[in-house]
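K.L.:
Following is a predicted model, sequence given first.
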Amino acid sequence: MSSLLAATPTPEAPPHTGGLLLLIDGTAGLLTVAALGIVLLLVLIIKVRLQPFVALLAVSIAVGLSAGLSVTELFGTVQRSASVSMIESGMGGILGHVAIIIGLGTMLGAILEVSGGAEALSARLLNLFGEKRAPLAMGLTGLIFGIPVFFDVGIFVLAPIVYAAAKRSGKSILLYCMPLLAGLSMTHAFLPPHPGPVAAAGLFKVDLGWVILMGVVVGIPAVLAAWAYAAWIGKRLFVPVPQDMVEAADEAKAAVAAERAARRAAVGGATDGAGTTTVKSTGAGTGTGSGSVAVAEGPGGDPAEQPPSLSTVFLIIGTPLLLILAATFSSIALDPSTFRSVIEFFGHPFVALTIALLMAYYLLGIRRGWSRKSLETVSTASLKPVGNILLVVGAGGVFGAVLKGSGIADALADTFNDVGLPVIVLAWLISVVLRVAQGSATVAIVTTAGIVVPLVEGQDLSQAHLALIIMAISAGSIFASHVNDGGFWIVAKYFGISERDTLKSWTVLETVLSVAGFAMAALLSVFI
């Protein structure tokens with residue numbers, strides 16, 4: 001009898017049995033913990049108005065303890081030991097990949113912004129397409145300039161150009177701002193180095209080259225659909241140019257002109273007959289030594305920096321994208337060799353973005369008379385708003401690590417697999433729910449990725465297919481922007497649109513972009 005008992009296999013105990021699992025055990029308990037965790041996250045962000053980083057971190061700890069994780073598993077030990085802290089590994093694992101890319105991309109965008117690259121790009125496109133196709137020119141401006149700069153920065157920089165185009169034509173400002181916003185939103189949602197797709201790529205362990213490629217393939221049809229809606233609503237809903245914003249832009253230009261005139265008077269200079277001012281430089285604080293810099297004069301005799309050429313802007317934006325794509329496809333098309341190693345070195349996102357940033361420093365800065373101190377100031381100032389983004393992304397990594405380490409991720413994977421819906425559909429739906437509920441696209445992406453990653457583990461999906469799942473998550477993260485989204489209010493106030501009209505135009509535009517992007521990703525996933 002005793003031998004029979006000894007031979008009978010004993011059922012394996014679940015990895016964690018404490019917390020809420022004492023009341024509800026097994027898969028039901030883990031799913032309950034997951035559901036309560038997401039509800040708590042939404043309550044903390046929406047009702048309590050807690051900062052998303054703090055909310056994600058607090059919910060991660062609460063979920064971990066409720067799922068039976070020990071304090072040692074969550075936080076490690078005070079003394080050095082073999083135990084690994086889930087919080088530290090979760091945050092460090094994602095930020096080790098994301099922080100450098102976001103930091104380099106942010107500095108690159110700042111140099112392009114301050115140097116006048118956006119104005120040069122939009123002015124050239126407006127001249128190229130003419131008055132009748134000005135909305136298309138604004139859309140292309142948003143699409144191209146949106147690659148290296150954040151969504152809100154793109155609005156702040158390009159809004160005066162929208163005012164001018166709408167004022168000149170006498171038509172609704174929606175006809176010009178909506179295509180621009182569609183371009184900015186598409187790049188923000190689907191393309192690196194923006195935080196959402198970069199964070200998702202880190203969590204799914206997908207090469208950025210595949211994310212860029214699928215972002216373009218999915219994003220272009222989506223933005224075309226959004227442009228079509230923008231043209232339709234722009235002709236049916238008239239919104240005048242906000243005069244207060246136009247006056248503010250004029251005042252800013254006047255202040256810049258006055259500052260340049262004062263600077264010239266302070267350092268002294270002589271103007272030759274060709275309209276060029278030679279400004280004496282002592283080299284103090286610039287690191288360039290003594291000498292003189294030729295500065296072209298603007299209207300009224302004040303030194304005005306010439307805008308960069310369109311080819312220079314395209315070169316700087318396109319270089320890192322091409323290098324990253326080349327490295328991605330070299331790993332498929334080429335056998336291991338020194339040549340392939342060189343391509344992969346220069347195409348690594350860290351190296352490619354560093355090259356692009358150094359190109360911007362020289363082509364848009366040093367070559368055009370900027371001091372090294374100015375470059376440092378612009379770069380440093382651009383990094384100040386990035387801290388919040390990085391902390392939110394890192395906390396999302398912690399949330400994902402807790403879900404996986406506690407066994408909740410496996411329970412979710414089993415449950416969703418039983419539902420029968422494809423993972424790409426579930427990814428979009430989860431992202432949509434989180435986006436509509438709490439408003440932040442970044443929070444929606446990192447939270448959804450933490451939930452979805454376990455669903456694809458062990459399925460042997462290709463990098464291309466995983467990139468399409470990331471596109472579905474990104475598409476869901478921009479669905480139906482409304483009053484709980486900061487972008488909604490930026491659009492409404494910057495372009496003088498009433499809340500009701502913003503819902504009719506901007507909210508629907510984002511929904512069209514989201515649905516079209518998801519539809520394209522889902523269609524491609526059938527064949528890839």
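P.N.:
Yes, it's here.

K.L.:
all helices of the stretch 1-150 of the chain, in order?
P.N.:
Assigned helices in the stretch 1-150 of the chain, in chain order: 2-7, 26-46, 52-66, 71-75, 86-114, 117-129, 134-145 (criterion: DSSP state H, counting those that start in this stretch).

K.L.:
Give me the three-state assignment for Leu444.
P.N.:
Just to correct that, residue 444 is Ala rather than Leu. Ala444 falls in the helix class when you classify it by DSSP: H, G, I helix; E, B strand; the rest coil.

K.L.:
Tell me where the stretch 151-300 of the chain has helices.
P.N.:
151-169, 174-190, 195-204, 208-236, 243-267.

K.L.:
residues of the longest one that come out buried?
P.N.:
By neighbour count, and taking 16 or more other C-beta atoms under 10 Å as the criterion, the buried residues in helix 208-236 are 208-215, 217-219, 222-223, 225-227, 229-231, 233-234. Where C-beta positions appear, they are placed from N, C-alpha and C, glycine not excepted.

K.L.:
what packs against it?
P.N.:
helix 134-145, helix 174-190, helix 195-204, helix 310-333, helix 463-476, helix 508-527 (3 or more C-beta pairs under 8 Å, 6 or more residues apart in numbering; DSSP states H and E).

K.L.:
Give me the number of neighbouring residues for Asp501.
P.N.:
As a burial measure, Asp501 scores 18 neighbours (other C-beta atoms under 10 Å).

K.L.:
Quickly find the element holding it.
P.N.:
Assigned by DSSP states H and E, Asp501 falls within helix 499-502.

K.L.:
what does that helix contact?
P.N.:
Leu174, Leu237, Val239, Val483, Phe488, Val491, Ala492 (C-beta atoms under 8 Å, 6 or more residues apart in numbering).

K.L.:
Gly146: what's it in contact with?
P.N.:
By C-beta under 8 Å, 6+ apart, Gly146 lies in contact with Gly154, Gly183, Leu184, Ser185, Met186, Thr187, His188.

K.L.:
hmm, I was thinking of Ser115
P.N.:
Per C-beta under 8 Å, 6+ apart, neighbours of Ser115: Glu305, Pro307, Pro308, Ala360, Leu364, Gly365, Arg368.

K.L.:
Serialize these to a markdown table and add fields for secondary structure, neighbour count and pLDDT.
P.N.:
As requested, these are exported to a markdown table (DSSP: H, G, I helix; E, B strand; the rest coil; neighbours: other C-beta atoms under 10 Å; pLDDT from 0 to 100):
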| residue | secondary structure | neighbour count | pLDDT |
| --- | --- | --- | --- |
| Glu305 | coil | 16 | 60 |
| Pro307 | coil | 19 | 77 |
| Pro308 | coil | 22 | 86 |
| Ala360 | helix | 28 | 93 |
| Leu364 | helix | 23 | 90 |
| Gly365 | helix | 19 | 89 |
| Arg368 | helix | 18 | 86 |
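
K.L.:
wait, which of these is closest to Ala464?
P.N.:
Closest approach between these and Ala464, by C-beta to C-beta: Ala360, at 30.5 Å.

K.L.:
how close does the closest one get to Gly209?
P.N.:
21 Å (C-beta to C-beta, to the nearest Å).

K.L.:
what's the closest of the helices of the stretch 1-150 of the chain to Gly18?
P.N.:
Per C-beta to C-beta, nearest to Gly18 of the helices of the stretch 1-150 of the chain: helix 52-66, 7.9 Å.

K.L.:
What ranges in the stretch 201-350 of the chain fall below the confidence cut-off?
P.N.:
Low-confidence segments of the stretch 201-350 of the chain (pLDDT under 70): 245-264, 266-305.

K.L.:
coming back round to it: using neighbour counts, pick out the buried residues of the helix holding Asp501.
P.N.:
By neighbour count on 16+ other C-beta under 10 Å, the buried set for helix 499-502 is Asp501, Thr502.

K.L.:
how far does it sit from the chain's center?
P.N.:
Centre-to-centre, helix 499-502 and its host chain are 25 Å apart (C-alpha atoms, centre = their mean, to the nearest Å).

K.L.:
low-confidence ranges in this structure?
P.N.:
1-17, 78-83, 245-264, 266-305.

K.L.:
Which strands or helices does whichever strand or helix holds Ala409 pack on?
P.N.:
Using DSSP H and E, the element containing Ala409 is helix 408-419. Helix 408-419 makes packing contacts with helix 26-46, helix 386-406, helix 423-438, helix 441-456 when contacts are defined by 3+ C-beta pairs under 8 Å, 6+ apart.

K.L.:
Can you check what angle separates that helix from helix 26-46?
P.N.:
In terms of direction (axes from the mean of the first three to the mean of the last three C-alpha atoms, to 10 degrees), helix 408-419 departs from helix 26-46 by 100 degrees.

K.L.:
Show residues contacting helix 408-419.
P.N.:
Counting by C-beta under 8 Å, 6+ apart, 27, 30-31, 33-34, 63, 67, 400, 402-403, 423, 426, 450-451, 453-455, 457 sit against helix 408-419.

K.L.:
ok, now with 10 Å
P.N.:
15-16, 26-35, 37, 63-64, 66-67, 400-404, 423, 425-427, 430, 450-459 (C-beta atoms under 10 Å, 6 or more residues apart in numbering).

K.L.:
got the buried residues for it?
P.N.:
The neighbour-count check on helix 408-419 (16+ other C-beta under 10 Å) flags Ile408, Ala409, Asp410, Ala411, Leu412, Ala413, Phe416 as buried.
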